[in-house]
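Chemist: A predicted structure for the sequence below; I have some questions about it.
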Amino acid sequence: MNELLTLLENDSRLTSADIARMLDKETGDIKKMIEKYESDGVILGYKTIIDWDKTDKEYVSALIELKITPQQNHGYDHVAEMIYNYPEVESLYLMSGSFDLAVMIEGKTMREVAFFVAEKLATLEYVTETATHFVLRKYKDKGIVYGAVPTDDRGNIL
Amino acid sequence: MDYEKILSRTVQEIKPSGIRKFFDLLETRKNVISLTVGEPDFQTPWHIRAAGIQSLEKGKTHYTSNSGTMPLREAISGYLDRRFSTKYDPKSEIIVTVGGSEAIDIAMRALLDPGDEVIIPLPAFVCYPPIAALCGGVPVIINTKEENKFKLTAEELRAAITPRTKLLVLPYPNNPTGAIMTREDLEPIAEVLRGTDIMVLSDEIYAELTYGTEHTSIASLDGMHERVILASGFSKAYAMTGWRMGYLCAPAPLCRQMLKIHQYAIMCAPTTSQYAAVEAMVNGDADVKMMRDEYNRRRRFLVSGLNEMGIQCFEPEGAFYAYPNISGFGMTSEEFCERLLDEHGVAIVPGTAFGDCGEGFARISYAYSPEHIAKALERIKAFIESLK
């Protein structure tokens, strides 16, 4: 039931009771469905979207393009695993086009990220080329626009 | 100067909207959770806004033809046929107006002579009786009933008709009740009207917002096209209230007369808005569905929340309002709403804002985020419990 998943994707804080009211279902049924989605690995986790720029946290993120020679029998999966196991790696995608893997990395400083690429990624067997692009500003992520605080400026008109 | 002597008597006799007092009170309060607003909380979808912006960039800053651009009238014609099987010729039967409000205004002005009677089912949006009165018309009110799900019945209509009846206003899907009129409900109404000279002004501004039953336009019923003026617009369906885009569809002889009023009073609807409106109608179906689905979830959330706390609420099937019956709490609607505002910081609209028959009811808008509605429900619950 994609409607339930979409609701949770937009607001994971919705309770089963809330969702049941919205979808005209029983709370118990919604609970069961969510549990099943969790155990089947359809729902993988619940996170919060934070604009860290509004805190004193020092961080930098980067998109790294990697060119890979695919391995016999493993394709890209093995090298992908070697990469995504690093906690610094926020996300990892296999891409079509002029490079193979897109790695989103977060570190404390540019230096830290640069060293991670040089020491951990570039040195991997089968990685033939890297290109590091630092993120200068995040405008929108997961459908949410950064910096904008929504206000309700509708007038009192019947 | 004695302005009372100078000003038109007709205008002075129109009562100011009763709800103003309540809204003024509301504006003095802080930390209020409001469920009063009668417009979508969504912003106009970006591709529609972008079409408006692009028209400005291309220098589309002139008047259009009085009845609106041909591409827009063609889009409206195609849309009405596709969605509601109502057929209107874009060349002679459609006028693009400044919101649905102007459509209602010029329709009444084109039809009414002093003394003509206009049958208006209430509760409904507040504009019909004053506009009728401005035209010298005489509003004949039918108070629709909760036990009829606030639908207009053929018996009520028949009882209200006199030899002076010129026009029936049909405001469905209804603001404030959320009532709808299905094909089965409309057929007996049409049967009363067929063979008479009574015209229908069907205000279908909420046509896209029905839940479960697709909207039927009375204009699509046999023999009704010739006696219906269909007023609608982009405000509610596409979240375009601020663009002021409406339209009016009627047989050509009527359109010719209404166009004279529009031409002299308005000239043409805003050009930028017309360009955006074409984009809305041609490429906006998915947006409408997205918003309708979201309103539907909020509707269920709100209505089940109210019912669970013991506030009796008939199931609204259209628009974005719930209209609970609060007569069991021993207060007038105004008292109920003022105390809810004063004691628990939630604003809802007393039913009396929509006619005397709104006594005992309140309108709660669900054009708000579920989070907002949930907070309001908590406070309303606390209020109800404090009354026990």
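Modeler: Received the coordinates, thanks.
Chemist: can you give me the helices in the chain?
Modeler: Using chain A. A:2-10, A:16-23, A:27-39, A:77-84, A:110-116 (DSSP state H).
Chemist: correction: the question concerned chain B.
Modeler: Assigned helices in chain B, in chain order: B:3-6, B:9-13, B:19-27, B:46-57, B:70-84, B:99-111, B:128-134, B:154-160, B:183-193, B:252-265, B:271-283, B:285-308, B:333-344, B:370-386 (criterion: DSSP H).
Chemist: give the buried residues for the fifth one.
Modeler: Same thing as helix B:70-84. By neighbour count, with 16 or more other CB atoms under 10 Å in any protein chain shown as the criterion, the buried positions of helix B:70-84 are B:Pro71, B:Leu72, B:Arg73, B:Glu74, B:Ala75, B:Ile76, B:Ser77, B:Tyr79, B:Leu80, B:Arg83, B:Phe84. Glycine gets a C-beta too; all of them are placed from N, C-alpha and C.
Chemist: redo those as CSV? Include pLDDT and distance to chain A.
Modeler: Written out in CSV, the entries for the buried residues of helix B:70-84 read as follows (pLDDT from 0 to 100; distance: CB to the nearest CB, whole Å):
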residue, pLDDT, distance to chain A
B:Pro71, 98, 30
B:Leu72, 98, 25
B:Arg73, 98, 28
B:Glu74, 98, 31
B:Ala75, 98, 27
B:Ile76, 98, 24
B:Ser77, 98, 29
B:Tyr79, 97, 26
B:Leu80, 98, 26
B:Arg83, 97, 23
B:Phe84, 97, 26
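Chemist: packing partners for the helix-or-strand element of chain B with minimal mean pLDDT?
Modeler: Here the helix or strand of chain B ranked lowest by mean pLDDT, DSSP states H and E is helix B:19-27, holding a mean of 84. Based on contacts counted as 3 or more CB pairs under 8 Å, 6 or more residues apart in numbering or on different chains; DSSP states H and E, the elements that helix B:19-27 packs against are helix B:333-344, strand B:349-350.
Chemist: please repeat the previous calculation with a cut-off of 10 Å.
Modeler: Counting by 3 or more CB pairs under 10 Å, 6 or more residues apart in numbering or on different chains; DSSP states H and E, the packing neighbours recorded for helix B:19-27 are helix B:333-344, strand B:346-347, strand B:349-350.
Chemist: for B:His215, find the nearest of these.
Modeler: strand B:349-350 (23.8 Å; CB to CB).
Chemist: give the closest residue to residue 10 in space, chain neighbours not counted.
Modeler: No chain in the question, so chain A it is. Counting by CB to CB, 6 or more residues apart in numbering or on different chains, A:Gly143 is the residue found nearest to A:Asn10 once chain neighbours are left out, at 7.7 Å.
Chemist: please go with chain B instead
Modeler: Closest residue to B:Thr10 in three dimensions, ignoring its sequence neighbours and counting by CB to CB, 6+ apart: B:Leu134, at 6.2 Å.
Chemist: coming back round to it: need the helices of chain A in CSV (columns: mean neighbour count).
Modeler: As requested, those are exported to CSV (neighbours: other CB atoms under 10 Å in any protein chain shown):
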stretch, mean neighbour count
helix A:2-10, 14
helix A:16-23, 21
helix A:27-39, 14
helix A:77-84, 16
helix A:110-116, 15
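Chemist: redo these as CSV? Include mean pLDDT.
Modeler: Listed next are these as CSV, based on pLDDT from 0 to 100:
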stretch, mean pLDDT
helix A:2-10, 94
helix A:16-23, 96
helix A:27-39, 97
helix A:77-84, 94
helix A:110-116, 96
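Chemist: what pLDDT does B:Lys91 get?
Modeler: Listed pLDDT for B:Lys91 reads 98.
Chemist: give me phi/psi at it?
Modeler: For B:Lys91, the backbone dihedrals (degrees, to the nearest 10) come out as phi -80, psi -30.
Chemist: that one contacts B:Gly68, doesn't it?
Modeler: No. The pair B:Lys91 and B:Gly68 fails to qualify as a contact (CB atoms under 10 Å) at a distance of 11.5 Å.
Chemist: the more surrounded of the two?
Modeler: Ranked by neighbour count (other CB atoms under 10 Å in any protein chain shown), B:Lys91 and B:Gly68 place B:Gly68 first, with 26 against 13.
Chemist: so what's the closest residue to chain B within chain A up against?
Modeler: Of chain A, the residue with the smallest distance to chain B, taken as CB to the nearest CB, is A:Met22 at 3.8 Å. Residues counted as contacts of A:Met22 (CB atoms under 10 Å, 6 or more residues apart in numbering or on different chains) are A:3-4, A:7, A:14, A:30, B:294, B:296-302, B:304, B:370.
Chemist: now B:Ile384: closest residue in space, sequence neighbours ignored.
Modeler: Setting aside the residues directly before and after it, B:Ile384 is nearest to B:Met309 in space (CB to CB, 6+ apart), at 5.4 Å.
Chemist: check contacts around A:Lys108.
Modeler: With contacts defined as CB under 10 Å, 6+ apart, A:Lys108 is in contact with A:Lys57, A:Glu58, A:Tyr59, A:Val60, A:Glu88.
Chemist: again, only this time at 6 Å
Modeler: Contact analysis of A:Lys108 by CB atoms under 6 Å, 6 or more residues apart in numbering or on different chains lists A:Glu58.
Chemist: now do the one 4 residues further on
Modeler: Contact criterion CB under 6 Å, 6+ apart gives no residues in contact with A:Glu112.
Chemist: you'd agree A:Val138 is up against A:Val145?
Modeler: Val isn't right for residue A:138; it's Lys. No. Between A:Lys138 and A:Val145 no contact is recorded; they are 9.8 Å apart, counting by CB atoms under 6 Å.
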